[in-house]
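Colleague: test case, fold it:
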Amino acid sequence: MKKKILLIILLLFTVLLVSCDKDDKNIKDKYQNDVYYSLFVRSFADSNNDGIGDLKGVTNNLAYFEDLGITAIWLLPIFESPTYHGYDTLDYYKIQSEYGTMEDFEELVSEAKKKDIKIILDFVINHTSDQHPWYLNAKSSSDSEYRDFYVWNGNSAAQSFPGGMVDLNLRSEKVKKELFNIVDFYMDKGVSGFRIDAVRYLFTEYGEHTSKNENIIFMSELESYVKEKDSKSFVVGEAWLDDYNMLKDYYMSGASYFNFYISNEIKGKVGNGTSSYLLSSNLERMYNAYRVLDQDFIDSPFLGNHDMDRIASSYGNHERLKQAVRVLLTLPGNPFIYYGDELGLKGTRYEGQTIGGKVVYDEYRRQPFIWGDSRRTTWLASDGSNTNTDSYLNQKNNESSMFNVYKEMIALRKNTPALMYGNEFYAYSKNLTGFQQAFLRVIDDENYQEAVLVIHNLGADTKTIDLDLEVIFGDKELKPLSTVIFKVPFERIEDFK
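Modeller: Got it, this is the predicted structure:
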């Protein structure tokens, strides 16, 4: 029945848009706002001196996340896999042996919970490895009980992505049941949600999209299933679309989605200083487009991820990168920080070059975290790109370091309900030049009522911000590439919309 209702909504959507009002249950049940850390286990911390990061290395360093201010961790693939990246699963119920055991994973979830840090898992369901037992059985015979687990063209399985990854048939109720069993397995262990890989490709056949509607319906069913188990759980999808007008329909599913549009906007307008005067107004239009579809949408903004060249390798300079961090951490939603970005870690993709006796491609986007001591992993030879990147131990006591910019902004966000939980966003430009990009952030519910005006100076000149408002961050003498935040009396918020 749910499928039919959703499909009707999707078919009618081009004719009629209906905005949903907030329900009247306690708004705290809706707070799923966290500051996420995207963690590639292999590169983070080595606990057993084999050169490879592992789950115990994460557990042993939970204090690091507390210090930085992180409230949730997204673990990139940790299931058994034949590759270093893990996006070709061999067994969803086994931990990659180099990372440890299921007991190590359970310990991590348990210890993280004690520190109020959530764990979500990368759940790769568009495809499995072509060495997965399901697939080996399925290709052995057209009568195999696993035959309809995959999409076939004769005896060849569809592959949305190369490298031994074969597409699951998500139209199969047997596949869906198995995937939901996996959800049960990990949520019963205390996992707080999932990142769903390659959402745009869930219902493709042989390279062609059959229907965006099917992707949305499936994500809605998965989101509902996860929420029924834990109302405060979180599902975020990767639907790689740079145009928010192409992405917005996905918000009908109720899940969150990574915001590639914001990543590009910040990189261009802050990182490289291109057409900066459009930033706030562009973001307001985007948020309004999402809000029409889901009044209570939760965005997932980010600067960079494991499939991109590192932001420290892509931005104009470190001061622009620091300002990008200030922008990111004053936006609505659940910001995601890619591990090592808080140190200014660099890294780019190579196209089959040999480094350290190894042919490499995207490995250097996922280089070892630089601790400054024996915790550093050694699985990947240095390419020299981080020779001048300061370690965590050097940065933590340097007030102006990249690490402390992240730490300061995360603390500010967590201590300011309008920033942490507020979903309202209004561009502001009165008495500002195009290089000062400003917006009003508001939360207005039975738990919190707060408004703040955020002004980012993206230009090269100091600007005096002459407003009769309390400063809660920064200075009215707004220097280049810096931020000031004012507390706005709630009775005056209409003046800043």
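Colleague: what's the longest helix in the chain?
Modeller: helix 212-229 (DSSP state H).
Colleague: so which bits of it are buried?
Modeller: 212-223, 225-227 (16 or more other CB atoms under 10 Å). Using the backbone N, CA and C atoms, a C-beta is placed for each residue, glycine as well.
Colleague: among the residues you listed, which pair sits farthest apart?
Modeller: 212 and 227 (22.1 Å; CB to CB).
Colleague: stretch 352-362: how far from the chain's middle?
Modeller: Relative to its chain's centre, stretch 352-362 lies at 28 Å (CA atoms, centre = their mean, to the nearest Å).
Colleague: show me which residues of it are buried.
Modeller: Those buried within stretch 352-362 under the rule 16+ other CB under 10 Å are 360, 362.
Colleague: do stretch 406-424 as well
Modeller: By 16+ other CB under 10 Å, the buried positions in stretch 406-424 come out as 406-410, 412-414, 416-424.
Colleague: which residues touch residue 461?
Modeller: Shown in contact with residue 461 (CB atoms under 8 Å, 6 or more residues apart in numbering): 435, 480.
Colleague: if I look at the residue nearest in space to the middle of the chain, what pLDDT would I see?
Modeller: Nearest to the geometric centre of the chain sits residue 336, at 4.3 Å (CA atoms, centre = their mean). pLDDT for residue 336: 98.
Colleague: thought it was touching residue 305?
Modeller: Yes. Using CB atoms under 8 Å, residue 336 is in contact with residue 305, at 7.5 Å.
Colleague: shared neighbours of the two, anything?
Modeller: 38, 258.
Colleague: now residue 110. Nearest residue, chain neighbours left out?
Modeller: Closest residue in space to residue 110, ignoring its immediate chain neighbours: residue 190 at 6.8 Å, by CB to CB, 6 or more residues apart in numbering.
Colleague: in contact with the one you found, which residues?
Modeller: 106, 109-110, 113, 119.
Colleague: kindly report the same for residue 102.
Modeller: 94-95.
Colleague: gap between it and residue 189?
Modeller: 8 Å (CB to CB, to the nearest Å).
Colleague: once you drop chain neighbours, what's closest to residue 264?
Modeller: Leaving aside its chain neighbours, residue 264 sits nearest to residue 242 (5.6 Å; criterion: CB to CB, 6+ apart).
Colleague: that neighbour against residue 261, yeah?
Modeller: Yes. The criterion here is CB under 8 Å, and residue 242 meets it with residue 261 at 5.9 Å.
Colleague: what about the two, which has more around it?
Modeller: residue 261 (20 against 12; other CB atoms under 10 Å).
Colleague: so the closest residue to residue 68 other than its chain neighbours, which state does it fall into?
Modeller: Counting by CB to CB, 6+ apart, residue 68 lies nearest to residue 407, which is 5.6 Å off, once chain neighbours are set aside. The three-state label given to residue 407 by DSSP: H, G, I helix; E, B strand; the rest coil is helix.
Colleague: thinking again about what came up before, please list only the buried members of the contacts of residue 190.
Modeller: 109, 119.
Colleague: ok, residue 163 touching residue 88?
Modeller: Yes. The pair residue 163 / residue 88 is scored as a contact, 6.9 Å apart, by CB under 8 Å.
Colleague: of the two, who's got more company?
Modeller: residue 88 (22 against 14).
Colleague: list the contacts for the more buried one?
Modeller: Residues counted as contacts of residue 88 (CB under 8 Å, 6+ apart) are 81-82, 124, 127-131, 163-165.
Colleague: which SSE is it in?
Modeller: Under DSSP states H and E, no helix or strand contains residue 88.
Colleague: kindly report the same for residue 38.
Modeller: Per DSSP H and E: residue 38 is located in strand 36-39.
Colleague: contacts for that strand?
Modeller: 58, 65, 68, 70-76, 120, 300, 302, 305-306, 334-339.
Colleague: same question for stretch 43-54.
Modeller: Here stretch 43-54 has contacts from 40-42, 56-58, 60-61, 98-100, 104, 339-340, 366-369, 371, 374-380, using CB under 8 Å, 6+ apart.
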